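In: can't give you the sequence, but here's the structure:
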């Protein structure tokens, strides 16, 4: 069984969760044994009511239903199951060899049927068919996700990413990453906020042998410790207050593909051992469940923190650090990539010009001088937003210096960079309303999502939404 | 029709019920014997293998008889 599971992992096979519904104990026992021998998980029920209770609590990949369940009719259960989920795979056990009953079952939506007395080989044949069908369903889901993402990319706020660089350090980082892309090695991407870590992570996945498999992102700072654990590993009903039904986590969703852990430096210490186990043993448990699950995921992680320092401070586990740090690169900040800066700026200008339907295609010398001297503490994200704003406000076909915000309003959040710029400090000549507006604008520009921005600002999302609406932000 | 004949006909199981009632336990027997032969529950010594094979052969004969008599 252990060897078989190991082979499955090697072949990227995913064990199915199977429910048998049959009133005969010997069929439940023998069928369960045959199914477990193939490396799948199996539960059983002897009547419709018991089956329905299990189905409320858990999703099953495949359900095997006996046509005659004592006095009950298995077709009723089939009907209920398919009403809840028309894509559910269900196989009928029937004692009739007639084509008629088989056709009736498949017309009602059964995936297949098995005639009693079936053999273990016949059962295995059905399991293989079900695995193939699930794989196809998964591929269709992936395609739908990709189409949806592509649709949003078409209308998104950035042009396609650029992966050639005139900067030696950046080019070296990209070369390392793309060489590692086609291996199963874990990758750690370091860099300041806004340097393109998540874009690069996705591109690594697309360049890898897993490009047809899921790419699932989890943002470590965006949730509380309990919710993050549930989001990652899933939970069973009753695991905590509010857990009203079973849920699968992102580890399950990413199985066979890539799991991108954004801002892994923020991963709570309590969750780090569980992530380590996933990386080492390819095993995990859902919150509140005592059942080991397998998941084969390739990990890409990113952080703007100094993880080595976090290890020394005891905030990050050393063994986990070395597990995710098989290949690690640091993306240089934009201020260190002067040669690339104008290339990016021109890409953004072209993109936003098209988006807003204006012919704005060049930068004045003054604008260029400003862009090349400004430190861009928010990196590419800040540059993108500044150029979008300039393209909207520009009154000619050339972006002028004046189309960028005043220098004293383009400032870093945490004071780590931008020492060349004047700082807004308590006591400077600016109104409270303007101070608040610029602070909100800068935080939103430099964070991945509104949830993270709200957390930094110390307000809830609804309040942030109201303030932005009031400021008439786009 | 005389009432005794009427009662007798009502108490005879239908072909469908008979088919189900025979094939259901036979399914369990057939599955278990073949899983034993495949040594899925542990290795068999030579004598055990011989006995399981014999039981499996008898089971297959029963399957054939039932399928011929009930399904034709």
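Out: Sure thing, it's come through. What you see is a predicted model, and the numbers here were worked out from it, not measured in a lab.
In: and the residue in chain B that chain A sits nearest to, helix, strand or coil?
Out: Minimum separation of chain B from chain A (CB to the nearest CB) falls at residue B:28, amounting to 2.8 Å. All C-beta spots, glycine's among them, are computed from the backbone N, C-alpha and C. At residue B:28 the chain is in helix, as set by DSSP: H, G, I helix; E, B strand; the rest coil.
In: got the residues of chain A near chain B?
Out: Taking CB under 8 Å from any CB of the partner chain as the criterion, chain A approaches chain B at residues A:24-27, A:29-31, A:33-34, A:37, A:68, A:93, A:95-98, A:116-121, A:123.
In: roughly how far is the helix or strand hosting residue A:323 from the heart of the chain?
Out: Residue A:323 belongs to helix A:318-324 when elements are defined using DSSP states H and E. On the basis of CA atoms, centre = their mean, to the nearest Å, helix A:318-324 sits 21 Å off its chain's mean C-alpha point.
In: Would you mind pulling the contact partners of that helix?
Out: Residues external to helix A:318-324 that are found in contact with it (CB atoms under 8 Å, 6 or more residues apart in numbering or on different chains): A:186, A:188, A:261, A:264, A:272-273, A:275-276, A:279-280, A:299, A:301, A:307-308, A:311.
In: Need the max-distance pair from those.
Out: Looking at those by CB to CB, the two members farthest from one another are A:280 and A:308, with 20.7 Å of separation.
In: quick one, what contacts the nearest residue to residue A:400 once chain neighbours are set aside?
Out: In space, not counting the residues next to it along the chain, residue A:400 is nearest to residue A:364; the distance is 5.0 Å by CB to CB, 6 or more residues apart in numbering or on different chains. By CB under 8 Å, 6+ apart, the residues touching residue A:364 are A:398, A:399, A:400, A:401.
In: Could you measure from residue A:364 over to chain B?
Out: Taking CB to the nearest CB, to the nearest Å as the measure, residue A:364 falls 78 Å from chain B.
In: Could you measure from that residue over to residue A:347?
Out: The span separating residue A:364 from residue A:347 equals 18 Å under the rule CB to CB, to the nearest Å.
In: what do you get for residue A:230?
Out: If you go by CB to CB, the gap between residue A:230 and residue A:347 works out to 39 Å.
In: Those two: which has the busier surroundings?
Out: A count of neighbours by other CB atoms under 10 Å in any protein chain shown puts residue A:230 above the other of residue A:230 and residue A:347, at 22 against 17.
In: Please report how far the more buried one lies from residue A:385.
Out: Counting by CB to CB, the gap between residue A:230 and residue A:385 amounts to 33 Å.
In: One more: residue A:128?
Out: Counting by CB to CB, the gap between residue A:128 and residue A:385 amounts to 52 Å.
In: Which one of the two is surrounded by more residues?
Out: The residue with more neighbours, out of residue A:128 and residue A:385, is residue A:385; 21 against 11, by other CB under 10 Å.
In: The more buried one: helix or strand, and which one exactly?
Out: Going by DSSP H and E, residue A:385 is in helix A:379-393.
In: Give the pairing partners of whichever helix or strand comes after that helix; include direction for each.
Out: The C-terminal neighbour of helix A:379-393 among helices and strands, as given by DSSP H and E, is strand A:398-399. Partner strands and pairing direction for strand A:398-399 (DSSP bridges) are strand A:362-363 (parallel).
In: what does the strand it pairs with rub up against?
Out: By CB under 8 Å, 6+ apart, the residues outside strand A:362-363 that reach it are A:342, A:345, A:346, A:349, A:371, A:397, A:398, A:399.
In: Pull out the buried residues from those.
Out: Burial of these was assessed by neighbour count (16 or more other CB atoms under 10 Å in any protein chain shown); the buried members are A:345, A:349, A:371, A:398, A:399.
In: Double-check the fourth one against residue A:360; I have them as touching.
Out: Right, the one you point to is residue A:398. Yes. With contact defined as CB atoms under 8 Å, residue A:398 and residue A:360 form a contacting pair (7.3 Å).
In: Mind listing what's buried along the helix of greatest length in chain B?
Out: Longest helix in chain B by number of residues, with DSSP state H as the criterion: helix B:46-71. Residues B:52, B:56, B:59, B:63, B:66, B:70 are the ones in helix B:46-71 that count as buried (16+ other CB under 10 Å).
In: Pull the number of nearby residues for the residue nearest to the fifth one when sequence neighbours are not counted.
Out: Counting by CB to CB, 6+ apart, residue B:22 is the residue found nearest to residue B:66 once chain neighbours are left out, at 5.5 Å. Using other CB under 10 Å, residue B:22 has 19 other residues around it.
In: Thank you, goodbye.
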